[in-house]
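Q: need a structure here:
(chains A and B)
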Number of protein chains: 2
Amino acid sequence: MRRVAIALVHHPVLDARGDVVTSAFTNLDIHDLARSARTYGAADYFVVHPITAQRELVLRIQKHWEEGSSGKRIPARKDALSLVRAVSSLEEACGAFSKGEGRAAIEVWTTGAKDAADSSRALAMRDARERIESDGKPVMIVFGTSWGLAESVHAAADARLAPVKPHRTTGFNHLSVRAACAIVLDRLLGER
Amino acid sequence: MRRVAIALVHHPVLDARGDVVTSAFTNLDIHDLARSARTYGAADYFVVHPITAQRELVLRIQKHWEEGSSGKRIPARKDALSLVRAVSSLEEACGAFSKGEGRAAIEVWTTGAKDAADSSRALAMRDARERIESDGKPVMIVFGTSWGLAESVHAAADARLAPVKPHRTTGFNHLSVRAACAIVLDRLLGER
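A: Residues are numbered from 1 along each chain as shown, chains lettered A, B, ... in the order given. I've put the predicted structure just below:
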């Protein structure tokens, strides 16, 4: 089974009009994605933010739960939050996850609510699950905040996961990133 | 396919010591579970809280997104939040979901991070999915806040869903209710 990490990107992401922006981080994104990552056995959870003050705030939250009173109150939360690594870019995340071997030593898979425009790199969930279970490079699964990852992030990735969908179409697909990450991890790493 | 609703219970739930308590509602629980419910085609999302002031606050949030400036900014959120129904008890939720026909006209399935103590009513995800796809009573899927539903809620239910688990055990199972609800809906109502 391949080593898996998740990354939550705050730049470059899209806003409601489709412009590329930087989003502010959300406290519960740190907690929820860390808990899901820890439950499903991901090795790292990279919180990607280009602004130093935002990364410092992430570290402060992490420290509060690792060393402060909350960590004593809920020890399991400390375990989960120990996976969090605040980094300034997806490149930095890839460098850390590859343990210095570089971008080519790992695979990057992006996620989103829409199908890939370039279908040649689209990856069905079932195939993705099989790939993770067979030998190969460690996989970084990348999630976007706000209205999703900028096209440049998808373009630089090795594959783009198919969006999660209901069994019978509802014409609605606006999951929170907390929900989407949980579902993707369960589809790729959950018991069957 | 059966009609499905979800309910998020704030009383009776457990605290860290296992005592029965009432929890305060969390804003993002309203949003995230509504978005997951709407995406997967659930008919209603019952927010169960015995305290009037808490239910009024839920309604105020709902109104802000349905009629206020945020609804204009993110119209999809309005669609999702229109599923929310603030009720004082699970009994009231069952009454509303059964359209006045009463508790016996529907099935109540509870969820939690632990296996059922009474295994005779445990329901595997796969079986649950098949049951929903065949004819039968509408199903209410019940989630607990805080440290999970009180035993009395499980005892009064028709079935208790098996906890979601990773493929390879990590010894850790502390998903947020936002993540757990998303995963359960995807397992029961997601495309395969």
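
Q: is the worst-scoring helix or strand of chain A on mean pLDDT anywhere near chain B?
A: Lowest on mean pLDDT, DSSP states H and E among the helices and strands of chain A sits helix A:69-73, with a mean of 83. Yes - Helix A:69-73 reaches chain B (CB under 8 Å from any CB of the partner chain) through A:Arg73. Where C-beta positions appear, they are placed from N, C-alpha and C, glycine not excepted.

Q: Please settle this for me: is A:Lys63 part of a helix?
A: Yes - with DSSP: H, G, I helix; E, B strand; the rest coil as the criterion, A:Lys63 is located in a helix.

Q: any residues touching the helix or strand following the least confident helix or strand of chain A, and which ones?
A: Next in sequence after helix A:69-73, counting helices and strands by DSSP states H and E, comes helix A:75-81. The set of residues external to helix A:75-81 that reach it, using CB atoms under 8 Å, 6 or more residues apart in numbering or on different chains, is A:30-31, A:34-35, A:37-38, A:61-62, A:65-66, A:70-71, B:172, B:174.

Q: Check stretch A:59-68 too.
A: A:Asn27, A:Ile30, A:Ser70, A:Gly71, A:Ile74, A:Arg77, A:Lys78, A:Leu81, A:Ser82, A:Val84, A:Ala86.

Q: ok, back up a step: now, among the contacts of helix A:75-81, which is nearest to A:Asp127?
A: A:Ala37 (21.8 Å; CB to CB).

Q: contacting residues for the closest one?
A: A:Ala5, A:Ile6, A:Asp44, A:Tyr45, A:Ala80, A:Leu83, A:Leu185.

Q: Mind listing the residues bridging to the third one?
A: Assessed by DSSP bridges, A:Asp44 has beta-bridge partners A:Ala5.

Q: so what's it scoring on pLDDT?
A: Looking at A:Asp44, its pLDDT reads 98.

Q: Any idea how many residues pack against it?
A: 19 (other CB atoms under 10 Å in any protein chain shown).

Q: got it, and the second one?
A: If you count neighbours by other CB under 10 Å, A:Ile6 ends up with 26.

Q: what sits against it?
A: A:Leu33, A:Ala37, A:Ala42, A:Asp44, A:Tyr45, A:Phe46, A:Met140, A:Ile141, A:Val142, A:Phe143, A:Cys181, A:Leu185.

Q: What parts of chain A come near chain B?
A: Near chain B, when you scan chain A using CB under 8 Å from any CB, you find A:1, A:16, A:28, A:31-32, A:35-36, A:38-41, A:73-74, A:76-77, A:79-80, A:164-168, A:170, A:172-176, A:178-183, A:186-187, A:189-192.
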